[in-house]
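Participant: what follows is a predicted structure for the sequence shown.
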Amino acid sequence: MTETIKDRAKASGPNRTRGPGSPESAKGKPKRPSASANRTALARIKRDRMLLLLALPGMAVVAIFHYFPLLGNVIAFQNFQPFLGISQSEWVGLDNFAVIFNGDPRFLNALANTLIITLIQVVFVFPLPLALALLLNSVLSERVKRGVQSVLYLPHFLSWVIVVALFQQVLGNAGMLNTFFREHDMATFSIIGVPELFKLLITSQVIWKDTGWGTIIFLAALSRVDMNLYEAAAMDGAGAWRRTWHITLPAVRSVFILLLILRLGDALTVGFEQIILQQGAVGKAASEVLDTYVYNNGIVGGNWGTSAAVGLVKGVVGVVLVLGANKLAHVFGERGVYSR
Amino acid sequence: MSDITVTRSNLVFGRPSLIARGGRAVVLAVACLAVILPFIAVISTSLASQEEISRAGGFVFWVTDPTLDAYRAVLSGGVVTRSVIVSLGIAGVGTALSVLCTIGLAYALSRTSMYAQKPMLLAVLFTLLFSPGMIPMYLVVKQLGLIDSYWALILPVLINAFNVIVMREFFLDLPAELMESAKIDGAGEFLVLTRIVLPLSKAVIAVIALFYAVAYWNSFFNALLYINSPEKWPLQLVLRTYVVNETPMGVDDLVMEGSALPPQVAIQMAILLISVLPMLIVYPFIQKHFTKGLLIGGVKG
C-alpha cells in the first residue's frame, strides 16, 4: 500500500547512500552495474540471514494459517468425507455450488439477511464515526475531548460475548429497563429475542461497540489539516458551514473512501460472533447470515463440501468487490486502497 | 494551552452559538452515559445481596449494602476460576509470542534492502484482503492435530497483518542515522534491533501488545470451533453459557460447601465483570498511546 511512496522517498533520501557496504545502497537502483548488483541470491541470503531469521516465525505463521488453508478450498469441488481426507474424497465438479445456483431456500434466506444487514450498516452505521469525529473536533476544551474519547473507545475492547450479555442485561425481559418499568407500573417491552427487531438490535450493538473507535482515524486526518486554511477562510468571511464544507470534509474524504472500500470487501461478512451468540433466541429465519450458514451447515451439520463452496464464493465476491470499488475510486480520481 | 485550543476550535467551526454548544454537549453526554451506565448497573448488581435484589425486582442500579459473596462463590475454585486461569494463560503466552514474532517480522520488512523483502511484504499485505474461509481453516487446524489443544487458540491468530504494518511503519519512521551509525560501529542487525530500535519503540509495542492481549482474552469463535472439552473452556465460553444463555450455576460449578448460594443475577454479573476487569485495569495506562500508535499505520495506509 504505502510501499511505493516510501521506497521512492528512501531511495532519493540524502542520507541513504552512506558507503557502498551499507545495505540500503543496493536498493532502489537496480541497474547499477556494481558488485552489489551482481551478488547472487545466495550471497544476499547469507548477508541478510539475521533479518530472514527474524522474519521466519512470522512468515511461517502467515504461510501456514493464511495461505496454506486456501488450498483447502478444493473441497468445494469434492464430496468431502472427513475420515477419507482431501486425497481420498470423491471429486464432484460443481455439484456443491448447486445449493447456490439452484436457490436452496436456507441459503437464499442467509443471503437475503446478509444483504439487508450490510445495507443497513453501510447506510446508517458507516457514516456515524465521521459525524462523531466532526462533533468531537468542534469541542472547545481539549480535556473534555480527551475524556469523552477515552470513554467512547472502551467498548471496542469488549468481546461480543460481553456486549451481547450487557445488552441482554439492559434490554432483556428481566433486564434493567424492564425492571425499572415494572417498578413504576409501566408496560414492559421486549427487544431481545423478537425476530422482527433482530436487525435493529444487532445494528444498535454495532453502533454501541465501534462508533467511538471508528473516530480515531478521522480525528487523525482532521488533526493534520493546516490551520492556516481555516484562518484564510475566516479572513475571507467563510462561516462555520462553509469552512466545514470546503476545508474539513475534503480533508477526510480520502480516508472515508478508503474505509468504505474496505467495508465493501466485507459486504458478505456480517458479525459472525455477534449473531451466533443470539441465534438461539430469535431463530434462524431472522438471523441466519452466510457465515453462520457455513458454520451451521458445515461444521455442525457435516455438509463440508457445500459449506466450503458457499465460503469460497463469499470470499471471491469480497475480493472482487474490493478490487471493483478500488477501480471505481481511481476513476473518480481517488487513491483508494492501493495505487494503480 | 487553553488559549491555543480555543482559537483552534473557533477557526475550525467559527464561534458556536450557545444552543449549538449545548446541543453538542447533550449528544456527547448521552453517548458517554450509554457506555458507562451499564457498567455501573453490572457492578452494583454483582455486589448486591439477596434482599436488595428482590427489593429492586431483579436489577440493582445503585448498591447500598455491598457484599462480595458473589465473587467469593464464583472464584472459589469452580468453573469460572479454571476458565480465568485458562484465559490468562492463553493471553499471556499468546501475547508474548505474538509480540516477538510481530517485532521480528516488522523489523525485517522495514529493512528494504533485505532479500525478498518485497514479495514478503506483499504476502503479508494480501492477507488483509481475503480470509481462507472457515471450513478450510478448520481442516488445517484439525490436520495439525490442534483440535482441543490450547495452541489452537494461539497459533492461527499469532500474526495479525495490520499490527505488523503499524509496527513496520513505526520502525520506518525512526531516524535512519541512528541505525547506520550503530552499523558503522560494527553492530549487527540483531544488536541494532535490540539496542536501538526497541528502546525507541516502547509506545508502539505497548499498543500492539494490548491489541493482541485483547484478542486472546476475547477469544470466543476459535474456542467454540476448536475446543471440545468443557474443562478447557476459556472465560468467554463460560460467559456465554452462564450469562448469555442463562444456564443457572449449580453447587457443582461453584465448588461451594454448606453456605447458601448467592443470587444468580449477582453471580452472572460477577462473571461478566471479571471478564471485563483486566481490560479496565490495563486500558488507562495504554489509552494515551492509541492515537500515536494507530495513526502511524492508519492514515498513511
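Facilitator: Arrived safely, thanks for sending.

Participant: drop to CA atoms for contacts and neighbour counts, all remaining ones
Facilitator: Fine.

Participant: and residue B:59, helix, strand or coil?
Facilitator: Here residue B:59 is coil, with the state taken from DSSP: H, G, I helix; E, B strand; the rest coil.

Participant: dihedrals phi and psi, it?
Facilitator: Dihedral pair for residue B:59: phi -120, psi 140, per degrees, to the nearest 10.

Participant: where's residue B:179 relative to residue A:305, distance?
Facilitator: 52 Å (C-alpha to C-alpha, to the nearest Å).

Participant: so which of those two has more stuff around it?
Facilitator: Neighbour count, other C-alpha atoms under 10 Å in any protein chain shown: between residue B:179 and residue A:305, residue A:305 has more, with 25 against 20.

Participant: residue B:280: how many residues sit nearby?
Facilitator: Quick note: residue B:280 (other C-alpha under 10 Å) scores 15 neighbours.

Participant: for it, what are phi and psi?
Facilitator: The phi/psi pair for residue B:280 (degrees, to the nearest 10) is phi -70, psi -30.

Participant: how about residue A:78?
Facilitator: For residue A:78, the backbone dihedrals (degrees, to the nearest 10) come out as phi -120, psi 160.

Participant: wait, what's in contact with it?
Facilitator: A:89, A:90, A:91, A:92, A:93, A:96, A:305 (C-alpha atoms under 8 Å, 6 or more residues apart in numbering or on different chains).

Participant: just send those back as a markdown table, with distance to residue A:284, pLDDT and secondary structure too.
Facilitator: As requested, the contacts of residue A:78 are arranged in a markdown table below (distance: C-alpha to C-alpha, whole Å; pLDDT from 0 to 100; DSSP: H, G, I helix; E, B strand; the rest coil):
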| residue | distance to residue A:284 | pLDDT | secondary structure |
| --- | --- | --- | --- |
| A:89 | 31 | 88 | coil |
| A:90 | 31 | 89 | strand |
| A:91 | 31 | 91 | strand |
| A:92 | 29 | 90 | coil |
| A:93 | 30 | 87 | coil |
| A:96 | 22 | 90 | helix |
| A:305 | 21 | 92 | helix |
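
Participant: CSV please, covering those and showing distance to chain B.
Facilitator: Converted to CSV, these look like this (distance: C-alpha to the nearest C-alpha, whole Å):
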residue, distance to chain B
A:89, 14
A:90, 17
A:91, 16
A:92, 18
A:93, 18
A:96, 14
A:305, 9
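
Participant: among these, the buried ones, what's the PyMOL command?
Facilitator: Here is the PyMOL command that selects only those of the contacts of residue A:78 that count as buried (16 or more other C-alpha atoms under 10 Å in any protein chain shown):
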select buried, chain A and resi 89+91+96+305
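
Participant: and the furthest pair within the contacts of residue A:78?
Facilitator: Pairwise distances across those peak at 13.6 Å for A:89 and A:96 (criterion: C-alpha to C-alpha).

Participant: need the overlap of contacts for these two.
Facilitator: In terms of C-alpha under 8 Å, 6+ apart, residue A:89 and residue A:96 are both contacted by the residues A:78, A:79.

Participant: centroid-nearest residue for chain B?
Facilitator: The residue lying closest to the centre of chain B (C-alpha atoms, centre = their mean) is residue B:214, at 1.5 Å.

Participant: OK, contacts around that one?
Facilitator: A:157, B:91, B:279.

Participant: and it, what element?
Facilitator: According to DSSP states H and E, residue B:214 maps onto helix B:202-217.

Participant: swap in residue A:329?
Facilitator: Going by DSSP H and E, residue A:329 is part of helix A:304-331.

Participant: skip the chain neighbours and tell me the closest residue to residue A:178.
Facilitator: Nearest residue to residue A:178, sequence neighbours excluded (C-alpha to C-alpha, 6 or more residues apart in numbering or on different chains): residue A:188, at 5.3 Å.

Participant: helix/strand/coil for the one you found?
Facilitator: Once three-state DSSP is applied, residue A:188 turns out coil.

Participant: distance of the residue nearest to the centre of chain B from residue B:120?
Facilitator: Taking C-alpha to C-alpha, one finds residue B:214 at 27 Å from residue B:120.

Participant: kindly report the same for residue B:250.
Facilitator: Residue B:250 sits at a distance of 52 Å from residue B:120 (criterion: C-alpha to C-alpha).

Participant: what does residue B:79 give?
Facilitator: Using C-alpha to C-alpha, one obtains 43 Å as the distance from residue B:79 to residue B:120.

Participant: neighbour-wise, which of these two wins?
Facilitator: Neighbours were tallied for residue B:79 and for residue B:120 using other C-alpha under 10 Å; the higher tally belongs to residue B:79 (22 against 17).

Participant: contact partners for the closest residue to the more buried one other than its chain neighbours?
Facilitator: In space, residue B:79 comes closest to residue B:253 once its chain neighbours are excluded; the distance is 5.4 Å by C-alpha to C-alpha, 6+ apart. Residue B:253 makes contact with B:78, B:79, B:80 under the criterion C-alpha under 8 Å, 6+ apart.

Participant: how about residue B:234?
Facilitator: If you count contacts by C-alpha under 8 Å, 6+ apart, then residue B:234 has B:83, B:84, B:86, B:87, B:219, B:220, B:223 around it.

Participant: I'd like the residues you listed as TSV, with pLDDT appended.
Facilitator: Output for the contacts of residue B:234, formatted as TSV (pLDDT from 0 to 100):
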residue	pLDDT
B:83	95
B:84	95
B:86	96
B:87	96
B:219	92
B:220	94
B:223	95
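
Participant: chain A next: which of those residues are close?
Facilitator: B:219, B:220 (C-alpha under 8 Å from any C-alpha of the partner chain).

Participant: take the contacts of residue B:234 and keep only those in helices.
Facilitator: Judged by DSSP state H, helices contain the following of the contacts of residue B:234: B:83, B:84, B:86, B:87, B:223.

Participant: my guess is the last one contacts residue B:154. True?
Facilitator: Put plainly, it is residue B:223. No - judged on C-alpha atoms under 8 Å, residue B:223 makes no contact with residue B:154 at a distance of 10.1 Å.

Participant: what bits of chain A have low per-residue confidence?
Facilitator: A:1-39, A:140, A:336-340 (pLDDT under 70).

Participant: where does chain B dip in pLDDT?
Facilitator: B:1-16, B:251, B:255-259, B:291-301.

Participant: switch to 80 and redo it
Facilitator: B:1-21, B:56-59, B:250-261, B:287-301 (pLDDT under 80).

Participant: now residue A:183: how far from chain B?
Facilitator: 7 Å (C-alpha to the nearest C-alpha, to the nearest Å).
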